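1. here is my input; please provide its structure:
(2 chains)
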Amino acid sequence: MRWSHAFIPTLREDPADAEAVSHRLLVRAGYIRQLAAGSYSMLPLGQRVRRKIAEIVRQEMDAIGGQQFHLPALHPGEIWKRSGRWDVMGEELFRFEDRRGVDHCLGMTHEEVFALLATELPSYRDLPQIWYQIQTKFRDEPRPKSGVLRTREFTMKDSYTLDLDWEGLDAGFEKHRRAYEIIFRRCGLDAIDVEASSGAMGGSESVEFMVRSPSGEDWVVSCAACGYRANLERAAARLEPVPDPEGSPDPEEFPTPGIRTIAALAAAHPEEAEPRRQIKTLVYLVDEQPTLVLLRGDHELLEQKLVDATGATQLRPATAEEIRQLLGADPGSLGAVGVTGLPVLADRALQGRRGLVTGANRDDYHLRHVDVGRDLAVETWTDLRTVAAGEACAVCGEPLERWRGIEVGHIFKLGTRYSEVMGALVQDDDGRSHPIVMGSYGIGIERTMAAVVESFHDERGIVWPMGVAPFSVVVTVLRADESGPLEAAEQLYGDLLTAGVEALLDDRPERPGVKFADAELIGIPLRVTVGPKGLERGRVELTARRDLTSEEVPLDQATKVVAELVAAELTAARPE
RNA sequence: CGGGACGUGGCGCAGUUUGGCAGCGCGCAGCGUUCGGGACGCUGAGGUCGCCGGUUCAAAUCCGGCCGUCCCGACCA
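-> Numbering: from 1, shown residues only, chains lettered A, B, ... in the order given. Reported below is the predicted structural model:
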């Protein structure tokens, strides 16, 4: 491409309101433009990067035996009603009626459609299958943000494994895990696989691929010593046992006038009510069912864990009025002792504890001497608390680290949920029908692009890894108004294209400073500077964007040197 | 959904408090000089001031409604 005829609208100033670095740089360097909230146009440079990432993904999906499809983004509402997700997905699903009043939606993912196609597989002999597509997804995000990191319309590679049994699913899942490692490595990314929550997808197990970045919206907990790593939504940690008093007198009410918080109670009764000796009682409406949720006083609830534990589709804290109606007291004096008729979930950190303090369900009173096993009717013991940085790793006991990550990929073991409702059955060798065991696997293409920029930039702009760069090299002509440099550069540019190198020719009649600054802003890995001074000695200058180091190269060697550098970088990014 | 802010040439902003010719920087066009690290001079083009309504002799500015965008929170595969 000749820059003088290209649409590369770079900006001298930062766009307004661009919080994430990747957003700021992708706009400034002329890769993307916003159309509406969560809706972005890919300009030619952006489209080239998007295409490169998609192509890497396509190659690696083909490498594990994937077959590419292209499914509609427009779905009849009926198939989502059949899977139950028409109701589960809530407002995030774009819905509308067609002219006949029939419900439709825009696909946010494609389990239903692929499961429907899988009904055409009659026999276990047809399995396993890996099906995928690279296609536009729509999600009516309540709050799109950070440019292309979280949008309402985006490209996703979604793939699906179809197997006879769980062993087959495990194999397909591991194939995907390895393919994802290769894909992200080829994009230059250090993406860490972490244990994750499956959320509304359902299924038994899921793993997210996280790129460390302050712009990330997820928290990851990891252990440097043993390698344990999990999304905070799933993370567990080892707790120091709390020594409780011997013996167990009956619970006893005592006055706590005006005390509404754990901290205030601890301050008023330091000897018996330090936070870890209190029971925190929360009231949630779990799919409209009022539920008591108990945690140690110094612990925080992680709502996703409550969702996972209950299978809820809707969750919200009860209002003060609802709580008063249920328990007869205001928040601040709540407890579960003697409560019947409501489900009680408790965090495992409370298991076996004695001599604790909790609210009495009577304003301005609390209870002491509470013995969890004796006095509380806990229905479900589970992990509900938020792990804090520095807590001991549940596996090895070393301190845990907590960091922000961008979720660039997510792989799920789905099981038979979708195949059952869609009727995707196969016969085994005994002639019995089985629902196909499915897995589902996603990569966000534009989000991956943004994650690369988050990982590779400096004060001058983007620094693309070779594998995803829009061009491998920019040939920068100085004094493009003179025939000598321009002709030499055009010759070199032609040779590079012939050698299969993706080159951009900066033939604009700009001053050198402008050209260098623009090339650095848009982040092309290599630059060849062709100017009158070097040409007098038959030389050009080769500059690496990464560290801005330069070397002189004879003009007639330049094509070969560049081609070798490009090939070497691509090879280095590809695991053996 | 709750809280906050913003909306004025392509981009970034001032002007709104106190109503009175719509401005600045960058970018853009033409000419000239300059040009291996974001040059300069001269000339010029470009704006329904988000939309609708109201007040007023007069509205970017005051009032009401709506729309849009961003940030924080909630929510989220």
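2. surely residue A:515 is within a strand?
-> No: the secondary structure assignment for residue A:515 gives helix rather than a strand, going by DSSP: H, G, I helix; E, B strand; the rest coil.
3. quick check: bridge partners of residue A:138?
-> Residue A:138 has the following beta-bridge partners by DSSP bridges: residue A:153.
4. surely it and residue A:94 touch.
-> Yes: because the distance of 5.0 Å satisfies C-beta atoms under 8 Å, residue A:138 is recorded as touching residue A:94. Quick note: C-beta positions are derived from backbone N, CA and C, even for glycine.
5. common neighbours of these two, please.
-> Contact with both residue A:138 and residue A:94 is made by residues A:106, A:108, according to C-beta atoms under 8 Å, 6 or more residues apart in numbering.
6. give me the residues contacting stretch A:178-186.
-> Taking contacts as C-beta under 8 Å, 6+ apart, the residues outside stretch A:178-186 that touch it are A:56-57, A:60-61, A:63-64, A:190-191, A:193, A:209, A:211, A:408-409, A:411, A:441, A:443, A:448, A:467, A:573-575.
7. please pick the buried ones from the residues you listed.
-> When burial is judged by neighbour count using 16 or more other C-beta atoms under 10 Å, the buried members of these are A:56-57, A:60-61, A:64, A:191, A:193, A:209, A:211, A:408-409, A:411, A:441, A:443, A:448, A:467, A:573.
8. may I ask you to confirm that residue A:143 belongs to a strand?
-> No: according to three-state DSSP, the state of residue A:143 is coil, so it is not within a strand.
9. before we move on, the earlier item: which of the buried ones among the contacts of stretch A:178-186 fall in helices?
-> A:56-57, A:60-61, A:448 (DSSP state H).
10. just flag the most distant two among those.
-> Across these, the longest distance by C-beta to C-beta is 14.1 Å; it joins A:61 and A:448.
11. need the three-state assignment for residue A:283.
-> Criterion first, three-state DSSP; result for residue A:283: strand.
12. ok, of the ones in helices among the buried ones among the contacts of stretch A:178-186, which one's closest to residue A:475?
-> Lowest distance from residue A:475 to those (C-beta to C-beta) belongs to residue A:56, with 25.0 Å.
13. from RNA strand B, how far out is that closest one?
-> Distance, residue A:56 to RNA strand B, by C-beta to the nearest atom of the strand, to the nearest Å: 21 Å.
14. over to residue A:319?
-> Applying C-beta to the nearest atom of the strand, the value for residue A:319 to RNA strand B is 13 Å.
15. try residue A:13
-> 5 Å.
16. check contacts around that residue.
-> Applying C-beta under 8 Å, 6+ apart, we find residue A:13 in contact with residue A:28.
17. gap between it and residue A:458?
-> To residue A:458, residue A:13 is 18 Å away according to C-beta to C-beta, to the nearest Å.
18. mind listing the residues bridging to residue A:380?
-> Going by DSSP bridges, residue A:380 is paired in beta bridges with residue A:345.
19. number of nearby residues for it?
-> For residue A:380, the number of neighbouring residues by other C-beta atoms under 10 Å comes to 13.
20. wait, doesn't it sit right on residue A:308?
-> No: when contacts are counted by C-beta under 8 Å, residue A:380 is not listed as touching residue A:308 (11.7 Å).
21. the helix or strand of chain A with the lowest mean pLDDT close to RNA strand B?
-> The helix or strand of chain A with the poorest confidence is strand A:315-317; it has a mean of 83 (mean pLDDT, DSSP states H and E). Yes: part of strand A:315-317 sits close enough to RNA strand B to count as contact by C-beta under 7 Å from any atom of the strand, namely residue A:315.
22. and if you look at stretch A:136-147?
-> Yes: residues of stretch A:136-147 are located near RNA strand B by C-beta under 7 Å from any atom of the strand, namely A:137, A:139, A:141-146.
23. report the central residue of chain A.
-> When C-alpha atoms, centre = their mean is applied to chain A, the residue found nearest the centroid is residue A:407 (1.8 Å).
24. right, I'll call it a day here.
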